[in-house]
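[1] Okay, sequence plus prediction incoming.
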Amino acid sequence: MRELTDYHCYFGYGGWDDAMIPQKNILDILEPASVNAHNTTDYDIVRESLLNPIHSPRLASMVKGCSKILILADDYTRLTPAHLILPLLLEELVAGGITINSITILVASGTHRCMDDQEKRKKYGDQIVNSIPVVDHVWHNPDSLQSLGKTAQGTEIEINKKLLEADFVIGIGHIVPHRVAGFSGGAKIVQPGVCGAKTTGQTHWLSAKYFSGKQIIGVTDNPVREEINEVGLKAGLQFIINTVQAGDGHIHSCFSGDPIVAHNEGCKASLLVYGAPVSGLADIVIVDSFPANVNMWQASKGVYSADLALEEDGLLILVTPCPEGVAHEHPEIEHFGYADPDSIERMVDCDQLDDLTIAAHILHVGRVITGKRKAILVTPGIPQSVVEHLGFIWAANLEEAVGIGFKLKGKHASVSILRHGGEVMPIYG
């Protein structure tokens, strides 16, 4: 019989993602803040930001005389309200004398798959897709890339040629805590957004090899971000529009202007929304992957968030739909799995694995779910045999996973629940 004090843990994916947990075991329930910094509409927040850019002249004055404007916009894996931002951005460009036929949008998809037409219309809006070319970045096509040499620290820069053909480059994105870069947004729209495999692999490997999640998530000034910023500026990024969304999906604040200074200001706001203090480290952390639901490549962000709230010998339960499986664009993940991250590092050191993006991803996840820890994966999108090969314990639903968790950690185990786990950042100590 369920006690009246049981807590109903439910993520809203549909039928397989809920469980009753004794209230006495609950340590924390974490989620982003649902606040509006300006007590005004999303439209007005973006418009005001464009009219008053940070450490930059107004965009309309900057683009005067330009004939080729390139807008870098993130893809279906991000919640950036591009459909709202783009019409306001076009107004500002037209005010600067730019004609619509001088503008191109390049989808900054990094190493993700390309979006189909329906996804582009949902992301950017019918009006935009019908009037402006929306071009895919294909990271593995060498004919679309050009070398820009190296950063001061030696990162090789391979960039989409369209940036070098443009008179002015603008980046649209949003800012949340991020395992590789500290925060998303800013020049990350360039690296990895529109870079080749070498550049992306080298920055990701820097993050994986030398820094734990606790050392880099939510840290604005870090060596990986320095590399990303240098790549972005060398590639010609001149202006950004970055939003911070509250937990309810509405815009908390918007930061336009200088790619470095405006982004740094946005990181402060992002920490207010997504930073969630914890009472202590939990024996069991249950986390969803929202909004990074599409595949395991994206859903791993829930793993990184849970890492910050979990005891060193704790149990992680990741709840995610993964409708596209593990990662069709990166089949090596399914081949290697996460169970032996140390072997991946040895393969890289011996030049047996040259895709550093893949290697970094495996290290990022593997170092969280192996060693003294265990992890359960609850997903309808990945078969049991693959889940177990990846290095997770299989559970058909969350109720079963919670039962396994208490069996492994004991009936008195503390439990923390992370909602919006793809972006929330637990803060301990």
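    Thanks, I have the structure now.

[2] Looks like Met62 contacts Ser56 (just checking).
    Yes: if you go by C-beta atoms under 8 Å, Met62 and Ser56 touch, sitting 7.4 Å apart. Every C-beta, even on glycine, is put in place using the N, C-alpha and C of the backbone.

[3] Contacts for the helix or strand that contains Val402, please.
    Element membership for Val402 (DSSP states H and E) is helix 398-409. Contact with helix 398-409 is made by 9, 11, 16-21, 283-284, 286, 314-315, 317, 319, 374, 376, 378, 393, 395, 413, 415, as judged by C-beta atoms under 8 Å, 6 or more residues apart in numbering.

[4] which ones are touching Arg225?
    In this structure, Arg225 makes contact with Ala181, Gly182, Phe183, Gly186, judged by C-beta under 8 Å, 6+ apart.

[5] Drop anything exposed from the contacts of helix 398-409.
    9, 11, 16-19, 21, 283-284, 286, 314-315, 317, 319, 374, 376, 378, 393, 395, 413, 415 (16 or more other C-beta atoms under 10 Å).

[6] Sort out for me which of those are in strands.
    Those of the buried ones among the contacts of helix 398-409 mapping onto strands are 9, 18-19, 21, 283-284, 286, 314-315, 317, 319, 374, 376, 378, 393, 415, per DSSP state E.

[7] mind listing the strands for the stretch 1-150 of the chain?
    Using DSSP state E, counting those that start in this stretch, the strands of the stretch 1-150 of the chain run over residues 6-10, 18-22, 26-30, 69-73, 103-107, 134-136, 145-150.

[8] To Asp248, which of the ones you listed lies closest?
    strand 26-30 (15.4 Å; C-beta to C-beta).

[9] how about the closest one as PDB, C-alpha atoms only?
    Extracted C-alpha coordinates of strand 26-30, given in PDB (Å, rounded to 0.1, in the frame of the first residue of the first chain):
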ATOM      1  CA  ILE A  26      13.400  13.000  -0.800                       C
ATOM      2  CA  LEU A  27      16.500  15.200  -0.400                       C
ATOM      3  CA  ASP A  28      15.900  17.800  -3.100                       C
ATOM      4  CA  ILE A  29      13.600  18.500  -6.100                       C
ATOM      5  CA  LEU A  30      15.400  20.800  -8.500                       C
END
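
[10] Check the contacts of Arg225 and tell me the two furthest apart.
    Gly182 and Gly186 (10.0 Å).

[11] ok, the two, which is more surrounded?
    Gly186 (29 against 23; other C-beta atoms under 10 Å).

[12] Sheet partners, orientation included, of the host helix or strand of Ile241?
    Using DSSP H and E, the element containing Ile241 is strand 237-245. Here strand 237-245 is paired, per DSSP bridges, with strand 168-174 (parallel), strand 251-257 (antiparallel).

[13] Quick check: mean pLDDT of the helix holding Val402?
    Taken as a whole, helix 398-409 has an average pLDDT of 98.

[14] tell me the contacts of the residue lying closest to Ser414 once chain neighbours are set aside?
    Once flanking residues are discounted, Ser414 sits nearest to Leu27: 4.3 Å by C-beta to C-beta, 6 or more residues apart in numbering. For Leu27, the contact set (C-beta under 8 Å, 6+ apart) comprises Val278, Ser279, Gly280, Ala282, Ser414, Val415, Ser416.

[15] For PyMOL, what selects the buried ones among the residues you listed?
    Those of these that count as buried under 16+ other C-beta under 10 Å are selected in PyMOL with:
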select buried, resi 278+282+414+415+416
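
[16] Take the contacts of Leu27 and lay them out in CSV including pLDDT.
    Below are the contacts of Leu27 laid out as CSV (pLDDT from 0 to 100):
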residue, pLDDT
Val278, 97
Ser279, 96
Gly280, 98
Ala282, 98
Ser414, 98
Val415, 98
Ser416, 98
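
[17] And the helices in the stretch 1-150 of the chain, which stretches?
    Using DSSP state H, counting those that start in this stretch, the helices of the stretch 1-150 of the chain run over 42-51, 59-62, 82-95, 117-124, 126-131.

[18] Looking at the ones you listed, spot the one closest to Tyr274.
    helix 42-51 (17.4 Å).

[19] other SSEs contacting that closest one?
    With contacts taken as 3 or more C-beta pairs under 8 Å, 6 or more residues apart in numbering; DSSP states H and E, helix 42-51 sits against helix 82-95, strand 237-245, strand 251-257.

[20] Tell me which residues are up against the longest one.
    Residues outside helix 82-95 that contact it (C-beta under 8 Å, 6+ apart) are 42-43, 46-47, 50, 58-60, 63, 69, 71, 73-74, 100, 103, 105, 122-125, 127-128, 170, 172, 241, 243.

[21] Could you tell me which of these count as buried?
    In these, burial by neighbour count holds for 42, 46-47, 50, 58-60, 63, 69, 71, 73-74, 103, 105, 123-125, 128, 170, 172, 241, 243, counting by 16+ other C-beta under 10 Å.

[22] Going by distance to Gln153, which of the ones in strands among the buried ones among the contacts of helix 398-409 wins?
    Nearest to Gln153, judged by C-beta to C-beta, of these is Gly314 at 34.9 Å.

[23] and the closest one, what is it in contact with?
    Here Gly314 is in contact with Leu281, Ala282, Asp283, Ile284, Val285, Arg373, Lys409 (C-beta under 8 Å, 6+ apart).

[24] nearest to His250, of those?
    Val285 (27.2 Å).
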